[in-house]
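# Following is a predicted model, sequence given first.
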Amino acid sequence: MRTALRTAVTGAVAAATVLVAGPAQATPPGPGVTARTISQKTVGDTDYILREITIPPGQATGWHYHDGPLYAFTQQGTLSHHDSTCASDGVYPQGSFIQEPAGPGNVHIGRNLGDTAVVLDVLYVLPHGAPFSQDAPNPGCPFQ
């Protein structure tokens, strides 16, 4: 069932084309945040990579941005998403789709404020050879 859902999500996306203030330091993901690559394909100068990301309760992705758009589906839990103004720019419960635009002007963090792990299926659409994300400093938010 999960394989069929992943295939459907990937097909739909492909058819449609997803600290506390102080010294500026990149904020790494919290303990226990894991990622597993499910599939990867390069077409021309673009990498399409499908990964499963798991964020344990109370943890976060760390502040970051992507060099290409990102599309995700919340398999389990609820992801709280915040932008560089410290404002929530989305809460994504199980069954939700998420889209993140590319570029350093789109710094954000994903947080698991719940008591169950957040599991995301994430499609990265990146320039060939680009990293999954670029670390960014906390923009002055009272959380990380």
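Everything's here; your move. All of these numbers come straight from a predicted model, not from anything done at the bench.
# Tell me how many other residues surround residue 36.
9 (other Cβ atoms under 10 Å). Backbone N, C-alpha and C define where each C-beta goes, glycine included.
# Would you confirm that residue 29 belongs to a helix?
No - applying DSSP: H, G, I helix; E, B strand; the rest coil, one finds residue 29 to be coil, outside a helix.
# For it, give its distance to residue 127.
Computed with Cβ to Cβ, to the nearest Å, the distance linking residue 29 and residue 127 is 22 Å.
# Give me the more crowded residue out of the two.
Using other Cβ under 10 Å as the criterion, residue 29 and residue 127 rank with residue 29 on top: 20 against 11.
# What's the per-residue pLDDT of the more buried one here?
On the pLDDT scale, residue 29 is placed at 88.
# Could you check the pLDDT of the residue lying closest to it once chain neighbours are set aside?
Closest residue to residue 29 apart from its sequence neighbours, by Cβ to Cβ, 6 or more residues apart in numbering: residue 62 at 4.5 Å. On pLDDT, residue 62 comes in at 96.
# Below-threshold pLDDT in this structure: ranges please.
1-27 (pLDDT under 70).
# Show me where it has its strands.
For the chain, the strands defined by DSSP state E occupy 34-43, 46-55, 64-65, 70-76, 78-83, 88-93, 97-100, 108-111, 118-127, 134-135.
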